[in-house]
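Q: Any chance you can model this:
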Amino acid sequence: MSKYYMTYRAHGERALAAFTRRPFISATALLGLFCTILWYQKPFSTLRNQDRRSGFDGQWHSARDKNNLMLDDSQCTVAFPRLFEEVSRAVEGRKLSHITSEELDEIEPKNGYVRAMIYDQGLYVIQKQGAIYSRELSTLHAIYRAILTSPLPLPNIEFVFNTDDIVFEPQPLWAYARKAEHNHLWLMPDFGFFSWPETLAGSMREVQLKAVEEEDIRQHPWHNKIEKVLWRGATMGLALRDRLLSVTTGKEWADVVALDWHDKDSMQHDLKSMPEHCDYKYLVHTEGNSYSGRLKYLQACQSVVIAHKMDWIQHYFPLLEATRGPNQNYIEVDRDFDELESTVDRLRRNDKEARKIATNSVRTFRERYLTAAAEACYWRRLIRGWAEVSFEPEFYKLVNGTKQWRGLPFESFALERRLEWDPY
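A: I've put the predicted structure just below:
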């Protein structure tokens with residue numbers, strides 16, 4: 001207990017004793033207690049301020065703010081001014097033609113499909129189809145977390161998302177990635193921002209913490225990093241990844257190996273954990289079936305990310321800056337990787353430039369726009385944006401003349417991972 005608490009208690013006990021023994025002097029005792037409270041109010045207030053975590057003051061401080069999930073909408077705008085371009089784009093596209101319930105009804109329930117509703121600050125799962133690893137559950141958890149930590153009430157909405165790599169439906173729904181022409185899709189943070197356990201990556205916060213440990217605790221600052229390009233992954237028969245292997249085979253500047261997830265020897269000798277990627281100065285990013293969830297993990301390292309021209313857009317991609325200059329935070333090469341060798345050669349000859357790009361990447365992504373605080377802000381802006389141009393959901397449905405809830409509370413779904421079960 002603090003000395004202030006002990007002082008309050010001692011004076012209180014003395015005042016009570018005085019009141020019991022001598023009622024006529026109780027007023028004096030109570031006055032003494034009141035004066036004591038006034039005397040200790042200032043240091044006690046100071047102690048409270050020192051003990052509690054500081055709130056956001058209008059200036060972004062990564063160490064203080066990165067895990068603050070309770071920023072309000074205006075604070076989110078100040079903290080992450082460039083994060084919400086994808087939401088603004090999608091809202092603008094539906095201002096003259098609002099989203100209807102009938103449009104959601106037309107979406108074919110395919111593998112990875114989830115229809116859900118936010119109503120009176122609760123999350124409800126209405127319908128789902130199939131499952132793609134833990135993706136659907138991860139995304140629902142992320143939405144639920146954003147609701148629970150919202151400092152202000154969120155609007156009631158009904159929506160559909162799909163967790164597949166590619167979403168073909170022409171209706172408006174939430175997806176992890178889109179091509180430039182897919183204007184009907186609303187982008188949400190991919191499942192890995194919550195957690196990707198199948199690849200042992202874990203949560204985004206875990207990846208970032210381990211990246212910092214790898215660079216600081218294990219003494220891998222910039223000048224100790226390996227001056228090679230690193231890439232690990234399965235080729236999956238993709239021409240783009242096969243081409244990367246072709247242009248790097250036998251090159252002294254490259255550590256590029258294709259993984260066979262079914263070959264234990266390959267996994268034992270060739271696999272690199274995400275923190276171990278941070279041991280290298282240059283990290284190559286490649287798209288997969290569509291986007292690849294790898295990029296955000298590479299951006300946890302203070303390394304230069306080299307990516308080919310990408311066909312797919314994720315929710316935070318407006319922050320990518322490939323133009324050479326003071327704000328450059330990654331390097332873009334052609335999709336055939338013909339420029340890769342000359343690019344690496346230039347970076348090795350201009351180490352100061354390379355380090356600046358790596359530093360910009362950390363400041364932009366790991367320390368700000370890919371933090372838990374930024375993710376929560378994006379989810380809530382997405383929810384509010386959708387509500388602005390969508391319909392008000394119905395909480396009940398009529399079944400044989402009886403009103404029934406249209407969804408299962410997420411709390412129950414998260415435990416059973418299904419919408420219906422026999423309680424007996």
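Q: any idea what sits nearest residue 307, other than its immediate chain neighbours?
A: residue 285 (4.1 Å; Cβ to Cβ, 6 or more residues apart in numbering). Placement of C-beta: from N, CA and C, glycine included.
Q: Quick check on the one you found: phi, psi?
A: When read as degrees, to the nearest 10, the backbone of residue 285 gives phi -110, psi 130.
Q: ok, now which ones touch it?
A: Contacts were defined as Cβ atoms under 8 Å, 6 or more residues apart in numbering; by that measure residue 285 touches 292, 294-295, 298, 305-308.
Q: ok, so of those, who is nearest residue 267?
A: Nearest to residue 267 among the contacts of residue 285 is residue 294, at 16.7 Å by Cβ to Cβ.
Q: Okay, the closest residue to that closest one other than its chain neighbours and residue 119: tell me how far apart.
A: Excluding the flanking residues, the one nearest residue 294 by Cβ to Cβ, 6+ apart is residue 285, at 6.2 Å. When distance is defined by Cβ to Cβ, to the nearest Å, residue 285 is 39 Å away from residue 119.
Q: ditto for residue 363
A: As judged by Cβ to Cβ, residue 363 and residue 119 stand 39 Å apart.
Q: same deal with residue 345?
A: 58 Å.
Q: Looking only at neighbour counts, state which of those two leads.
A: Taking neighbours as other Cβ atoms under 10 Å, residue 345 and residue 119 compare with residue 119 leading, 21 against 11.
Q: and the more buried one, bridged to which residues?
A: The partner list for residue 119 in beta bridges (DSSP bridges) reads residue 122.
Q: so what's it up against?
A: Residue 119 makes contact with 156, 393, 395, 407, according to Cβ under 8 Å, 6+ apart.
Q: Any chance of these in a markdown table with pLDDT and secondary structure as columns?
A: Below are those laid out as a markdown table (pLDDT from 0 to 100; DSSP: H, G, I helix; E, B strand; the rest coil):
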| residue | pLDDT | secondary structure |
| --- | --- | --- |
| 156 | 98 | coil |
| 393 | 98 | coil |
| 395 | 97 | coil |
| 407 | 96 | coil |
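Q: As JSON lines, the residues you listed with neighbour count and distance to residue 358 would be great.
A: Formatted as JSON lines, the contacts of residue 119 follow (neighbours: other Cβ atoms under 10 Å; distance: Cβ to Cβ, whole Å):
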{"residue": "156", "neighbour count": "19", "distance to residue 358": "44"}
{"residue": "393", "neighbour count": "21", "distance to residue 358": "46"}
{"residue": "395", "neighbour count": "17", "distance to residue 358": "50"}
{"residue": "407", "neighbour count": "22", "distance to residue 358": "45"}
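Q: need the strands for the protein, in chain order.
A: Secondary structure of the chain (DSSP state E): strands at 113-119, 122-129, 157-162, 173-175, 185-187, 226-233, 254-258, 280-285, 304-308, 331-333, 396-399, 402-405, 408-409.
Q: which stretches of the stretch 301-424 of the chain have low pLDDT?
A: For the stretch 301-424 of the chain, applying pLDDT under 70 flags the ranges 424.
Q: all helices for it, in order.
A: Along the stretch 301-424 of the chain, counting by DSSP state H, counting those that start in this stretch, helices occupy 340-349, 351-361, 372-388, 410-416.
Q: angle of the third one against strand 157-162?
A: To tie it back to what came earlier, the one meant is helix 372-388. Orientation check (axes from the mean of the first three to the mean of the last three Cα atoms, to 10 degrees): helix 372-388 against strand 157-162 gives 120 degrees.
Q: Just the CA coordinates for helix 372-388, please, in PDB.
A: Provided in PDB are the C-alpha atoms of helix 372-388 (Å, rounded to 0.1, in the frame of the first residue of the first chain):
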ATOM      1  CA  ALA A 372      -2.300  -3.200 -33.100                       C
ATOM      2  CA  ALA A 373      -3.600   0.400 -32.600                       C
ATOM      3  CA  ALA A 374      -3.700   1.000 -36.400                       C
ATOM      4  CA  GLU A 375      -5.500  -2.300 -37.000                       C
ATOM      5  CA  ALA A 376      -8.200  -1.500 -34.500                       C
ATOM      6  CA  CYS A 377      -8.600   2.000 -36.000                       C
ATOM      7  CA  TYR A 378      -8.900   0.600 -39.500                       C
ATOM      8  CA  TRP A 379     -11.600  -2.000 -38.500                       C
ATOM      9  CA  ARG A 380     -13.700   0.700 -36.800                       C
ATOM     10  CA  ARG A 381     -13.400   3.100 -39.800                       C
ATOM     11  CA  LEU A 382     -14.400   0.200 -42.100                       C
ATOM     12  CA  ILE A 383     -17.400  -0.500 -40.000                       C
ATOM     13  CA  ARG A 384     -18.500   3.200 -39.900                       C
ATOM     14  CA  GLY A 385     -17.800   3.600 -43.600                       C
ATOM     15  CA  TRP A 386     -19.900   0.600 -44.500                       C
ATOM     16  CA  ALA A 387     -22.700   1.800 -42.300                       C
ATOM     17  CA  GLU A 388     -22.700   5.200 -44.100                       C
END
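Q: Now that helix: buried residues?
A: 372-387 (16 or more other Cβ atoms under 10 Å).
Q: Closest one to residue 353 out of these, please.
A: Closest approach between those and residue 353, by Cβ to Cβ: residue 374, at 27.1 Å.
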